[in-house]
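Engineer: Sequence first, predicted coordinates after that:
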Amino acid sequence: MPKPERGAEEIVRWTISAFSQESCERGIVSSMQYLDGLNERQKEAVLATEGPISVLAGAGSGKTRVLTTRILHLIRSGTPPEKILAVTFTNKAAREMKERLALLLGDGRLPFVATFHGLGRELLQSYGTAIGVPRYFSVYDRDDSERAIKEALKEMEIDPKEIPARSILSRISKAKGEGMTSEEFKKRHGGDGFRARIASEVWLKYDATLKREKALDFDDLILKPVQLLEEHAESREHAQNRFAYVHVDEFQDTNELQGRLANILSRKHKNLFVVGDIDQTIYTWRGATIENLLAFDETYPGAKTIVLDKNYRSTKTIVAASNSIIEKNKNRKEKRAVTDNPDGHPIRLQVSDTAEEEARFIAREARHYMREGIAPEQIAVLYRTNFQSRVLEEAFLAQSVPYKLLGTRFLDRKEVKDVIAWVRLAVDPVRESDRVRAVQSPPRGIGKVTVAKMAVGKLEGLAPAVRAKVDAFESLIATLHEESKTAAPSAFVRRVIQLSGLEDLLLKGGEDDQERLENAKELATLASRYDSMSGEEGINAFLCDTALAGDQDEIDRPQSGDKNKSGVTLMTVHAAKGLEFDVVFVTGLEEGLFPHEGMNQEEERDQEEERRLFYVAMTRAKLHLILTMARVRRIYGTDYLSEASSFLHDIDAGLMQVNYGDEEREGVIHLD
């Protein structure tokens, strides 16, 4: 059997322990052997196949194993794989679930496993023509959307600095998450004031841009499938017949529209299986509604609830401390985690004088754990806000500790976005935003004035030499467009890099340009995942998935193009959700920073979300949990004297060892 990717090995450890290696390789699991090793509540969840079921799964309780084993059980009980749907919240989680199922099933037939956005794309490609969505459409990422909104603001003679495009996009996204169209938003909010009126008019122009470029944005991939299934009975019947069993992971993070989509798809067969943890609801600011899980029993009368409270991940000390944190929240369902794991090491709290000293301590301790035999990829440093990463990076560089910063995504690099723009333009030559980018990347002697004329289709009056360059560019796009209809995705990406001139340009450059060329070529590796599809279909699937890639899809990517390098992961707590590490540092535990002061003046539920966020941070740790804070922290150029986070006082003093610089103490925190 070929060696799976790192991460895949970890998620199938239980498989190899439960079944022989030979049977895994052959995809054979006899009778009910796949239930071996499950605890009683996990078995109950796997075997409860009919009707609406909610599983309240605590951190480290084996929910992914339960989901996968339940799907296996359905298939072994006679359900065709194609009748089963599983929805996850990240591409990484979807990929790992597919890998696990492929190991277990081994016959090539798999259920449909995707994120909500991936599911929306599939539904629209299958049935979307009923509401005017073309069979092949492109997907705007956030940068594309912001750029289109900036253009709309300029057209309305409004300075984007006065009304930022990002704030309007956020308003549009929130409204789409509530099921509103641009016309409905204008009717409801167009008269609510200047900014609401501007937002409604910009949205209409933004919609026109999307339609002209045959594109959808992230939110459309949920909004339009819901509209499709609610308004078109034939499409709804097809989709409901297609999926007899619907599974949704991380149900606490669904918004109103995603909840409606799950409801519609499961309405006929009533087999909706959701897994979630109210205590890990940390995305309400994105529109997630905790009510979808809290009110599941009311929405689905007769639903069964199963609680998974056994933690297989963390030590007793970490479990006890995280319990003491989350139990302070009121808006939750009662659930207390337990574990059979050893007590483990005490939680360490490091109090440093400055943020710089805090960062040096973390880098030094990370190096110590690596010398003790812990792999660097099993160490994570978590922070509440992105600005904290700068001083951490400086410390890791100064002490030569390898690290990976989650945040500057591979797909956000300029050279990568340049190639993607070329590929999208080749597939769909009407995309003017990509035409403007491609004609300048690499430069080909076509100035900004000519580019502006190209964007509006006014090419008359150009000098003959300039017109020849424009015609050569358009001829190249036409050639690539024809090739895109039949070429394998990976081969097509390589072809684009070559014919566009990007390869020649970067080959002539220095070491940095060589690295950029390697990044561009890495896109061909990503595209090879789609080579089994036909040219046009595979390339469109590749483009959609790159647009929908999230932060966690970068977790295994080496830093700075060094393909052999691994390192400690630096990331926000939000990005860490769903992951686990042997060693976890949670930094900046100061009042006003974590919990963040932006939450303290809001309603109680927002304060509880900060507590849930800290709970998520703590429960990422398997063996060692180190909490850090600084007495003084410079924020936006100003030094602030800090006091300990209120969260720290909620942890039993007997579970924690407090260090002041190099001095060790046990018990209560004193900062005077």
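Structural biologist: The structure has been received and is ready for your questions.
Engineer: Check the secondary structure at residue 50 for me.
Structural biologist: coil (DSSP: H, G, I helix; E, B strand; the rest coil).
Engineer: what's it sitting at in phi/psi?
Structural biologist: Main-chain dihedrals, residue 50, degrees, to the nearest 10: phi -110, psi 140.
Engineer: doesn't residue 266 make contact with it?
Structural biologist: No - Residue 50 lies out of contact with residue 266 (C-beta atoms under 8 Å); the separation is 11.8 Å. Placement of C-beta: from N, CA and C, glycine included.
Engineer: more neighbours, the two?
Structural biologist: Counted by other C-beta atoms under 10 Å, residue 50 and residue 266 do not tie: residue 266 has more neighbours, with 23 against 11.
Engineer: Angles on the backbone of that one, please.
Structural biologist: Here residue 266 shows phi and psi, under degrees, to the nearest 10, equal to phi -100, psi 0.
Engineer: which non-adjacent residue is nearest it?
Structural biologist: Nearest non-adjacent residue to residue 266, counting by C-beta to C-beta, 6 or more residues apart in numbering: residue 272, 3.8 Å away.
Engineer: same check, this time on residue 188
Structural biologist: With C-beta to C-beta, 6+ apart, the residue lying closest to residue 188 is residue 180, at 7.3 Å.
Engineer: ok, which stretches of the stretch 301-450 of the chain are helices?
Structural biologist: 316-326, 355-371, 389-398, 414-427, 432-439, 448-456 (DSSP state H, counting those that start in this stretch).
Engineer: ok, now the stretch 101-250 of the chain?
Structural biologist: 116-127, 142-155, 165-177, 182-189, 194-212, 220-231, 233-242.
Engineer: Nearest to residue 432, out of the ones you listed?
Structural biologist: helix 194-212 (8.0 Å; C-beta to C-beta).
Engineer: so residue 223 sits right up against residue 179, yeah?
Structural biologist: Yes - the pair residue 223 / residue 179 is scored as a contact, 6.8 Å apart, by C-beta under 8 Å.
Engineer: so who does the residue sitting furthest away from the middle of the chain touch?
Structural biologist: Going by C-alpha atoms, centre = their mean, the residue of the chain most distant from its centre is residue 464, 48.5 Å out. The contact partners of residue 464, taken as C-beta atoms under 8 Å, 6 or more residues apart in numbering, number zero.
Engineer: I'd say residue 547 and residue 143 touch.
Structural biologist: No - using C-beta under 8 Å, residue 547 is not in contact with residue 143, being 9.9 Å away.
Engineer: Give me the more crowded residue out of the two.
Structural biologist: When residue 547 and residue 143 are compared for neighbours, residue 547 comes out ahead with 24 against 12, by other C-beta under 10 Å.
Engineer: With adjacent residues omitted, what lies nearest to that one?
Structural biologist: Spatially, and ignoring its direct neighbours in sequence, residue 547 is nearest to residue 139 (3.9 Å; C-beta to C-beta, 6+ apart).
Engineer: I'd guessed the one you found sits against residue 544; true?
Structural biologist: Yes - with contact defined as C-beta under 8 Å, residue 139 and residue 544 form a contacting pair (4.9 Å).
Engineer: So for those two, which residues contact both of them?
Structural biologist: Residues touching both residue 139 and residue 544 (C-beta under 8 Å, 6+ apart): residue 121.
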